[in-house]
Structures are given as C-alpha cells and as structure tokens.
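Q: got a predicted structure plus its sequence, pasted below:
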Amino acid sequence: MREAGVNSVTLGVFSWSRLEPEPGAREFGWLDTVMDLMHANGVGVVLATPTAAPPPWLGRLHPDTLPRDENGDVEWWGGRQHFSHSSTTYRRHAAAITEDLAARYGAHPALTMWHINNEYCTADHGDEAA
C-alpha cells in the first residue's frame, strides 16, 4: 500500500462475525495487527462499525432481529443487511460491538475517522418497525 501511494484504508465493514464469532466473545487480535501495520506504514484507517452484516448466530438465536418483507415473511440470516433496524435486540448487540470497538481503537494512532454504516437500504415490514 505504501509503495502504491495509498494513504487511507477502510477496515472492518462486514467483519462482525469475525469480531464476535459467538455471543459476547471478542476476537480483536487480527484487527490489532492490521491497525498496527497501517500505522507503521503511514496509512490512516477509516474504521467501520460492522453493524451492516450481523453474525449468523444473532439471527439464529434472536429471530426478532430479522427483517420481514412486505408480505410479512422473515428474511433469514446469511447475507448482508439481514437485520431489522427497529429490533431492540439488534440495536443492543450493535451498540455493544460498536462501543467495544470505540473503547479499543478510539485512541489508536492509525485511526483517522469512523465509518458508521454501509448501504442504507434495509427495509423492514415487521411489527417493531411498524
């Protein structure tokens, strides 16, 4: 990246399942390594909250986090954007991973800004959304 003249990189956009492979577990080692490498090579990091792609366990354990289509059918977990913005459970888990990222990397010297969402396109026709 340094040789190519890259001076900024976005990290972590769809990494929630890697950061939290099971409920409450945190796997930050790989991101620590990348953040440190970017800093050592003069590349700034735009660190993303990973909330656009919840881990599969979230939808499996908490079906209330899954969106419903216009017919009321559940859109099951397994791809990006498989969450209901209105779900209290989703928001609680999203806040927890985001707060942990902020606590861990907020003062990291590579961090230049936060990327707080990606692809604002999720629709939900479920009860909480209504």
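A: Thanks, I have the structure now. What you see is a predicted model, and the numbers here were worked out from it, not measured in a lab.

Q: now do the helices in this protein.
A: Assigned by DSSP state H, the chain shows helices spanning 16-19, 29-40, 56-61, 88-105.

Q: can I get the ones you listed in JSON lines including mean pLDDT?
A: Output for the helices of the chain, formatted as JSON lines (pLDDT from 0 to 100):
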{"stretch": "helix 16-19", "mean pLDDT": "96"}
{"stretch": "helix 29-40", "mean pLDDT": "97"}
{"stretch": "helix 56-61", "mean pLDDT": "94"}
{"stretch": "helix 88-105", "mean pLDDT": "97"}
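
Q: residue 77: which of the ones you listed is closest?
A: Of all those, it is helix 56-61 that lies closest to residue 77, at 2.9 Å by Cβ to Cβ. To be clear about C-beta, it is placed using only N, CA and C from the backbone, and glycine gets the same treatment.

Q: contacts for the closest one next, please.
A: 17, 22-23, 65-66, 76-78, 82-83, 90, 93 (Cβ atoms under 8 Å, 6 or more residues apart in numbering).

Q: how about 6 Å then?
A: 65-66, 77, 82, 93 (Cβ atoms under 6 Å, 6 or more residues apart in numbering).

Q: using a markdown table, lay out the helices of the chain together with mean neighbour count.
A: Formatted as a markdown table, these follow (neighbours: other Cβ atoms under 10 Å):
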| stretch | mean neighbour count |
| --- | --- |
| helix 16-19 | 18 |
| helix 29-40 | 15 |
| helix 56-61 | 17 |
| helix 88-105 | 16 |
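
Q: if we can go back for a sec, and the least confident of the contacts of helix 56-61?
A: Checking pLDDT across these, the minimum falls on residue 77 at 73.

Q: report how many residues lie close to residue 68.
A: Look at residue 68: counted by other Cβ atoms under 10 Å, it has 18 neighbours.
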